[in-house]
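K.L.:
dropping a prediction and its sequence here:
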Amino acid sequence: MAGVFLIGLLLAAWLGWAVLAGLAFVAGSVLAARYAATAALFTVVVSPPLLFLATVILVSAMTGPGGLFMSVVVGSVVTLASVAPWLAVGMVLTVIITWIRGLPGCIQDLCRELRSG
């Protein structure tokens, strides 16, 4: 997932085509949801946005012009704003795929562990 995010964000930054960043998020999230172990489905639902944010910050620091702080802040805000619809689509698809693969059971297991501990 992180590799797909990184490649998509670097290509988007170099080519100036923000759609690649959004497509990378959707592709990485869907692939993680599809191929993750059943026990890790809850983590797969929660982690893509956090991992994508970390990757956006990293790519903004690597490719942004000017000072590091301003490159990261401006680059991150612009990137996240431009891919917001893609983030929503990626998360909806991730939840649907993980739900079909057994997410409700993972949530029940988590609740049971929290009650017993």
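P.N.:
Noted; the coordinates are in hand. Numbering: from 1, shown residues only.

K.L.:
hang on, residue 98 packs against residue 34?
P.N.:
No. Applying C-beta atoms under 8 Å as the test, residue 98 and residue 34 come out as separate, 9.0 Å apart. C-beta here means a position set from N, CA and C on the backbone, and glycine is covered the same way.

K.L.:
who has more neighbours out of these two?
P.N.:
Comparing residue 98 with residue 34 by neighbour count (other C-beta atoms under 10 Å), the higher total belongs to residue 98, at 24 against 14.

K.L.:
spatially nearest residue to that one (excluding sequence neighbours)?
P.N.:
residue 41 (4.5 Å; C-beta to C-beta, 6 or more residues apart in numbering).

K.L.:
in what helix or strand does that neighbour lie?
P.N.:
helix 41-63 (DSSP states H and E).

K.L.:
pull the CA atoms of that helix into PDB?
P.N.:
Coordinates of each C-alpha in helix 41-63 appear next as PDB, following Å, rounded to 0.1, in the frame of the first residue of the first chain:
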ATOM      1  CA  LEU A  41      -9.200  -6.100   8.200                       C
ATOM      2  CA  PHE A  42      -9.900  -3.600  10.900                       C
ATOM      3  CA  THR A  43      -6.400  -2.200  10.600                       C
ATOM      4  CA  VAL A  44      -6.800  -2.100   6.800                       C
ATOM      5  CA  VAL A  45      -9.800   0.100   7.200                       C
ATOM      6  CA  VAL A  46      -8.100   2.600   9.600                       C
ATOM      7  CA  SER A  47      -4.600   2.800   8.200                       C
ATOM      8  CA  PRO A  48      -4.800   4.000   4.500                       C
ATOM      9  CA  PRO A  49      -5.700   7.600   5.300                       C
ATOM     10  CA  LEU A  50      -2.900   7.900   7.900                       C
ATOM     11  CA  LEU A  51      -0.400   6.200   5.700                       C
ATOM     12  CA  PHE A  52      -1.400   8.400   2.800                       C
ATOM     13  CA  LEU A  53      -1.000  11.500   4.900                       C
ATOM     14  CA  ALA A  54       2.500  10.500   6.000                       C
ATOM     15  CA  THR A  55       3.400   9.800   2.300                       C
ATOM     16  CA  VAL A  56       2.000  13.100   1.200                       C
ATOM     17  CA  ILE A  57       4.200  14.900   3.800                       C
ATOM     18  CA  LEU A  58       7.200  12.900   2.700                       C
ATOM     19  CA  VAL A  59       6.700  13.600  -1.000                       C
ATOM     20  CA  SER A  60       6.000  17.300  -0.300                       C
ATOM     21  CA  ALA A  61       9.200  17.600   1.600                       C
ATOM     22  CA  MET A  62      11.100  15.800  -1.200                       C
ATOM     23  CA  THR A  63       9.600  17.700  -4.200                       C
END
